[in-house]
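> model this:
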Amino acid sequence: MWTRRKILKTLAAGGGMLAMPATIQEALGAPEPDVEIVLTATKGEAPVLSGRATPVWTYRGKVVKGDARSVQSIPGSYLGPILRVRKGQRVRIHFDNGLDEASNIHWHGLHVPDDMDGHPRHTAAPGKRYVYEFEIKDRAGTYFFHPHPHGRTGRQVYFGLAGLFLVSDEEEQAAKLPSGEYDLPLILQDRSFDAENRLVFLSDEGAGGGGMMGGGMMGGGMMGRGMMGGGMMGGGMRSGGMMDMMTRMMGFLGDRILVNGRPDATLSVATRPYRLRLLNASNARIFKLAWDDGSPLTVIGTDGGLLEAPVQRSYVTLAPGERLELWADFSRHAVGTELTLRSLAFAGDMAMGGDMMGGGMMGGGMMGMMMGNQKLPNGAAFPVFKVRVARSEKAPAALPQRLSTIVRHRPEDAVNFRKPRLFNITMGMMEWGINGRSFEMEGVAEDEIVRLNTSEIWEFTNDASMGMMGMMAHPMHIHGLQFRILERGVTRGLREGWQSVSAGYVDEGWKDEVFLMPGERAKVLVAFKDYAGLFPYHCHMLEHGDTGLMRNYRVRA
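Predicted coordinates:
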């Protein structure tokens, strides 16, 4: 059936959208967009380290219609751009794929129709265009965008495809938070480089979404060619093979910390408050963030926008894909003061090289080698960026004690209030899954079908009974909506790891991810409104999602 959206996408795919007369658009019933942008994914180079430029993948943005400030570059960065829109606006984004492989864009955290969400089944082939068009229904907040082709998401994000999508509204403006140069977006990532300043990642072998069985362990690794004849000893361990297989299973970790695509970042600030928007755009690294002088962090927002009121934490935990907004007041510091935001040490994940696995084969030996990074494991302590107080300015108004109003759904109104829908992270035959099922492009099980205009309680469990694979953390992301975290619990025998990060959880606001340490379980309240269709839910450790830890849920009218 030729719906308006299909007609518009077909015209756009042929390059006709930009030149299509407004009268034809009106005849099709297509409202004119408030903002129209062309966003191109392409390859290039960037001066990341001293010496040779680094080959990267990047987005280039151009405003076709609307406020020219809707697309802003991040100074000195190959990441981005930052897209800025307002709640209620209609946005049309022409995605041009200048890569040599299929790609798309997922609008992480936004409430949009299923064919606009960036599902892996909706991609643009090399040289082709996909048009995204939707109304901004979300609250003011820090969202972001990145590719989501199955089996290639980790690679495409790693090489540079990630940008911030910032929404504003009247409620945010009334809060009079720091703006302009005092509103700082900070994209946190870890990366590894070779001697030629090229980014180091997994080999292409087995990266096509077939899990460990199709191209990894069975399809050419240990089982397919034998351990000696091309597997671990005959090239597998040296040229990808076993090491890549384990890294895909556990998540890629780099050994250099980048902020907005630059190493050794230093922020030059004045003696006044700032709004720091933090995005963890790493593939698998978890941050435990704290100021080095011990002062508390004041959190004003999470994944889905502003909190009702500020909260303070001695540190904050930030998993891949999560966002946090901080109120950082430097007015009490003298000019010349330097502060460091650090990631503190923590325990409890098999990749962390310490407490749970010991310092032997599992902790710092063979397992660390298979992870592809012995230098900076998850849970290690390291500096993230420095702040230098460079000038004196009169501080404006103090932090407002009321930031926003959050309209909450009642848990008792959920259609399954007495029997939450269970989603258990599983591992079988060297492949990640949920409830024993791995990703199918359009597959959906009977217990993954929900009804439009209802709310449900979903319970995610990170089952520690899986042995070695049960000792991993997972941030679970649901596409197409925001949810509330209702409660958490943890297996008694695994409390040490959970206690090392749980005081940094900020569950007070709207979320689109829930982070689970080994043995942890969490109940979330999810409401399905506006859009029927097929949406993914998955682990945002990108290699986990690429190798099966992703499923679909269907919203049925």
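> separation between residue 298 and residue 182?
15 Å (CB to CB, to the nearest Å). (Each C-beta comes from the backbone N, C-alpha and C, glycine too.)
> no, scratch that, I was asking about residue 542
From residue 542 to residue 182 the distance is 32 Å (CB to CB).
> with residue 436 instead?
49 Å.
> more neighbours, the two?
When neighbours are counted by other CB atoms under 10 Å, residue 436 and residue 182 differ, and residue 182 comes out ahead with 17 against 10.
> any weak-confidence spans in this protein?
Applying pLDDT under 70 to the chain flags the ranges 1-29, 204-241, 348-374, 464-470.
> not counting its neighbours along the chain, what's nearest residue 403?
residue 306 (4.4 Å; CB to CB, 6 or more residues apart in numbering).
> what does residue 525 give?
The nearest residue in space to residue 525 (CB to CB, 6+ apart) is residue 484, at 4.6 Å.
> residue 171 too?
Excluding its sequence neighbours, the residue lying closest to residue 171 (CB to CB, 6+ apart) is residue 404, at 5.3 Å.
> so that neighbour, which of the three states?
Under DSSP: H, G, I helix; E, B strand; the rest coil, residue 404 falls in the coil class.
> and for it, the neighbour number?
Applying other CB under 10 Å, we find 22 residues neighbouring residue 404.
> before we move on, what about residue 452?
13.
> tell me the contacts of it?
In this structure, residue 452 makes contact with 528, 529, 531, 532, 555, 556, 557, judged by CB atoms under 8 Å, 6 or more residues apart in numbering.
> check which helix or strand covers the nearest residue to the first one once chain neighbours are set aside.
Read it as residue 528. Nearest non-adjacent residue to residue 528, counting by CB to CB, 6+ apart: residue 555, 4.9 Å away. If you go by DSSP states H and E, residue 555 is part of strand 550-556.
> ditto for residue 59
Counting by DSSP H and E, residue 59 is part of strand 54-65.
> need the contact list for residue 550.
150, 434, 438, 439, 536, 537, 538, 539.
> surely the last one touches residue 423?
No - with contact defined as CB atoms under 8 Å, residue 539 does not reach residue 423; the gap is 10.8 Å.
> of these two, which one has the most company?
residue 539 (31 against 21).
> distance check, the most centrally placed residue in the chain against residue 290.
Centroid-nearest residue in the chain, with CA atoms, centre = their mean: residue 321, separated by 2.2 Å. Per CB to CB, residue 321 is found 21 Å from residue 290.
> now swap in residue 156 and tell me
Residue 156 is 31 Å from residue 290, by CB to CB.
> helices of the stretch 101-250 of the chain, start to end?
153-158, 170-174, 241-250 (DSSP state H, counting those that start in this stretch).
> make JSON lines out of those and add distance to residue 394 and mean neighbour count.
Shown next, in JSON lines, are these (distance: least, CB to CB, whole Å; neighbours: other CB atoms under 10 Å):
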{"stretch": "helix 153-158", "distance to residue 394": "41", "mean neighbour count": "24"}
{"stretch": "helix 170-174", "distance to residue 394": "22", "mean neighbour count": "14"}
{"stretch": "helix 241-250", "distance to residue 394": "50", "mean neighbour count": "24"}
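> between those, which gets nearest to residue 327?
Nearest to residue 327 among the helices of the stretch 101-250 of the chain is helix 170-174 (13.3 Å), distances taken as CB to CB.
> what residues does the closest one touch?
Residues contacting helix 170-174 (CB under 8 Å, 6+ apart): 139, 140, 305, 306, 404, 405.
> thinking again about what came up before, any chance of the helices of the stretch 101-250 of the chain in TSV with distance to residue 69 as columns?
Listed next are the helices of the stretch 101-250 of the chain as TSV, based on distance: least, CB to CB, whole Å:
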stretch	distance to residue 69
helix 153-158	26
helix 170-174	15
helix 241-250	40
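> can you say which of those is nearest to residue 517?
helix 241-250 (15.0 Å).
> ok, then the element right after that closest one?
According to DSSP H and E, the helix or strand after helix 241-250 is strand 256-259.
> which residues of the stretch 201-350 of the chain fall in strands?
256-259, 262-263, 266-270, 273-280, 287-291, 297-302, 305-313, 316-318, 323-329, 338-343 (DSSP state E, counting those that start in this stretch).
> which strands and helices sit next to the third one?
To tie it back to what came earlier, the one meant is strand 266-270. Packing partners of strand 266-270 (3 or more CB pairs under 8 Å, 6 or more residues apart in numbering; DSSP states H and E): strand 382-391.
> just the angle for the strand it packs on relative to strand 266-270, thanks.
Strand 382-391 and strand 266-270 are oriented at 30 degrees to each other (axes from the mean of the first three to the mean of the last three CA atoms, to 10 degrees).
> sorry, back to before: what helix or strand does the residue nearest to residue 525 sit in?
Going by DSSP H and E, residue 484 is part of strand 483-490.
> how far off centre is that strand?
Chain-centre distance of strand 483-490: 19 Å, with CA atoms, centre = their mean, to the nearest Å.
> coming back round to it: can you put the strands of the stretch 201-350 of the chain in a markdown table and add mean neighbour count?
Listed next are these as a markdown table, based on neighbours: other CB atoms under 10 Å:
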| stretch | mean neighbour count |
| --- | --- |
| strand 256-259 | 20 |
| strand 262-263 | 16 |
| strand 266-270 | 17 |
| strand 273-280 | 22 |
| strand 287-291 | 22 |
| strand 297-302 | 23 |
| strand 305-313 | 18 |
| strand 316-318 | 25 |
| strand 323-329 | 23 |
| strand 338-343 | 19 |
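> so can I have CSV of these showing distance to residue 160?
Converted to CSV, these look like this (distance: least, CB to CB, whole Å):
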stretch, distance to residue 160
strand 256-259, 10
strand 262-263, 12
strand 266-270, 22
strand 273-280, 14
strand 287-291, 20
strand 297-302, 26
strand 305-313, 27
strand 316-318, 20
strand 323-329, 19
strand 338-343, 22
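> looking at those strands, which is closest to residue 176?
Of all the strands of the stretch 201-350 of the chain, it is strand 273-280 that lies closest to residue 176, at 10.6 Å by CB to CB.
> pretty sure residue 472 contacts residue 517?
No - here residue 472 does not reach residue 517: they are 9.2 Å apart, not a contact under CB under 8 Å.
> name the residue in those two with the higher neighbour count.
Each of residue 472 and residue 517 has its neighbours counted (other CB under 10 Å); residue 517 has more, 31 against 28.
> could you measure that one against residue 146, distance?
24 Å.
> cool, and residue 495?
34 Å.
> which of these two has more residues huddled nearby?
residue 146 (20 against 15).
> ok, now which ones touch the closest residue to the more buried one other than its chain neighbours?
Leaving aside its sequence neighbours, residue 146 sits nearest to residue 162 (CB to CB, 6+ apart; 4.7 Å). Neighbouring residues of residue 162 by CB under 8 Å, 6+ apart: 79, 80, 144, 145, 146, 187, 189, 281.
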